[in-house]
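[1] 3D, please:
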Amino acid sequence: MSSTNTGSTHYQALKDQQYISLVTFKRNGDRVPTALWFAADGGRLLAYTNLDSGKVKRIRNGAAVEVAPCTMKGEPTGAYVAATATILDASQGSYVHGLLNRKYTWKKRLMEAGAAVPHILRIRRRKPDALLAIDL
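    Here you go, the predicted model:
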């Protein structure tokens, strides 16, 4: 089976899941898993996180990642597969968030409302998003 078919098989297995565990790697090789919401889009998985998060720093240092379906708490429910993560241009934010809004509907809006409270109260400034594309 070619790598494209293998990627397609893994994509089909992941695309309807609620959460993925994204493993990024420290420079010393240590694995760092993080549970993420994501949306499937034409053979790739799209997600977002804080621009200054550790996972973004690790992806900038090396695009190799692993993904697996997981629970809300990040416990894997399937096997990890090798993938490549890239940071998308901020101009794609509306598209990525639109897909995520359709998939997670009220849950995403509720999470965003809760995250906005400190910014509204001027306790801290809103940090920009990093948009991630994960290719299997």
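[2] Quick check on the residue positioned nearest the centre of the chain: phi, psi?
    Nearest to the geometric centre of the chain sits A47, at 3.5 Å (CA atoms, centre = their mean). The phi and psi values for A47, taken as degrees, to the nearest 10, are phi -150, psi 170.
[3] Would you mind stating the distance between it and P33?
    14 Å (CB to CB, to the nearest Å). No exception for glycine: its C-beta is placed from N, CA and C like everyone else's.
[4] measure stretch 8-28 end to end?
    30 Å (CA to CA, to the nearest Å).
[5] Revised request: answer the last question for stretch 71-87.
    Stretch 71-87 end-to-end distance (CA to CA) = 24 Å.
[6] Give me the mean pLDDT for that stretch.
    Average pLDDT, stretch 71-87: 96.
[7] Now for N50, how many residues are close by?
    Counted with other CB atoms under 10 Å, residues neighbouring N50 total 14.
[8] Nothing else from me, thank you.
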